[in-house]
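Student: Prediction below, plus the sequence it came from.
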Amino acid sequence: MEIWPIDFDKTLQEISVWIDSWKVERYGADSLNPERYYNNDGRYLHGVREGESLNAEKADSDMVLELLVRIKNINDKLNGKGLSKHLQWREREQLKGERETLYNDYLEVVQPKPQRFVPDVLATDEAKRYFEKAIDLGLMDADYKWLKGLQMLACFAREMSMKLQLGKGVKGDGQPRISWQPFETLFNLEKYTLRSNYNDIQKTGQSPIEIGLIDKVFE
């Protein structure tokens with residue numbers, strides 16, 4: 001997908017076409033269907049569909065459109081379109097600064113995200129279901145970026161390891177062993193990070209405030 005330079009000269013129609021192509025590439029052809037984002041009974045829309053990832057998708061799409069339109073308006077002014085007098089130097093510099101901020105926001109959303117390496121043991125259908133629930137609950141995003149702190153991630157990894165039976169054997173107290181390494185690989189963490197954070201929870205006896213979200217993933 002072509003990413004336009006900061007000084008692009010495009011019409012609103014060209015922007016609309018680009019947005020549609022970008023959405024299809026990023027989210028699939030169904031992203032062009034307005035009913036994707038709303039509850040409906042076949043005739044009428046009844047409010048916004050629930051789901052963290054779906055609503056984030058809609059927000060990102062709307063933001064990219066707004067950013068491109070605002071950048072276009074600045075470029076038009078810098079090129080003298082629709083102006084009755086020339087811009088002064090200070091006005092031009094101010095517009096360029098605003099444009100750079102908007103363009104960086106645009107790049108942050110539309111540039112392809114680096115692909116995460118997903119260990120085979122976390123690429124199963126069952127694992128994917130847990131990840132999808134975690135995304136919907138706002139624990140992580142669709143690019144496997146964890147959003148709720150390392151202690152919450154340690155709790156998530158522990159529960160998921162047990163559900164998927166990733167650990168080998170049992171400990172002396174009869175509890176199943178936890179396989180931390182696949183999660184540290186997936187979330188790009190140093191070795192022992194998750195084990196250390198879970199040990200901290202055990203030492204204090206205090207679970208994270210939002211631990212109930214972890215329970216909901218594995219219900």
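Tutor: Okay, I see it. Keep in mind that what you see is a predicted model, and the values were worked out from it rather than measured.
Student: Domain-wise, how is this structure divided?
Tutor: 12-110, 120-217 (automatic domain parsing).
Student: Where among those is average confidence lowest?
Tutor: The stretch with the lowest mean pLDDT among those is domain 12-110, at a mean of 88.
Student: tell me how far the ends of it are from each other?
Tutor: Taking C-alpha to C-alpha, to the nearest Å, domain 12-110 runs 18 Å from one end to the other.
Student: what about it, distance to the chain center?
Tutor: Taking C-alpha atoms, centre = their mean, to the nearest Å, one finds domain 12-110 lying 17 Å from the centre of the chain it belongs to.
Student: now do stretch 114-133
Tutor: From the chain centre to the centre of stretch 114-133 is a distance of 15 Å (C-alpha atoms, centre = their mean).
Student: Mind telling me which residue is nearest the centre of the chain?
Tutor: residue 141 (4.0 Å; C-alpha atoms, centre = their mean).
Student: Let me know whether that one touches residue 148 as I believe.
Tutor: No: with contact defined as C-beta atoms under 8 Å, residue 141 and residue 148 do not form a contacting pair (11.1 Å). (Each C-beta comes from the backbone N, C-alpha and C, glycine too.)
Student: I'd like to know how many residues surround residue 3.
Tutor: Neighbourhood size, residue 3 [other C-beta atoms under 10 Å]: 12.
Student: And for the one 10 residues further on?
Tutor: A count of neighbours around residue 13, defined by other C-beta under 10 Å, yields 8.
Student: Distance of it relative to residue 167?
Tutor: Look at residue 13 and residue 167: by C-beta to C-beta, to the nearest Å, they are 57 Å apart.
Student: Kindly report the same for residue 115.
Tutor: Applying C-beta to C-beta to residue 115 and residue 167 gives a distance of 27 Å.
Student: thinking again about what came up before, could you redo the domains of the chain as CSV and give each row distance to residue 1?
Tutor: Compiled in CSV, the domains of the chain are given as follows (distance: least, C-beta to C-beta, whole Å):
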stretch, distance to residue 1
domain 12-110, 5
domain 120-217, 16
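Student: Please, where are all the helices along the protein?
Tutor: Assigned by DSSP state H, the helices in the chain fall at 12-27, 52-78, 89-110, 125-136, 150-164, 181-186, 193-204, 211-217.
Student: who touches the third one?
Tutor: Taking contacts as C-beta atoms under 8 Å, 6 or more residues apart in numbering, the residues outside helix 89-110 that touch it are 1, 3, 6, 22, 60, 63-64, 67-68, 70-71, 74-75, 77-78, 87.
Student: of the residues you listed, buried ones?
Tutor: The neighbour-count test (16 or more other C-beta atoms under 10 Å) marks 22, 60, 64, 67-68, 70-71, 74-75, 77-78 as buried among these.
Student: so which of the residues you listed comes closest to residue 134?
Tutor: Nearest to residue 134, judged by C-beta to C-beta, of those is residue 60 at 18.8 Å.
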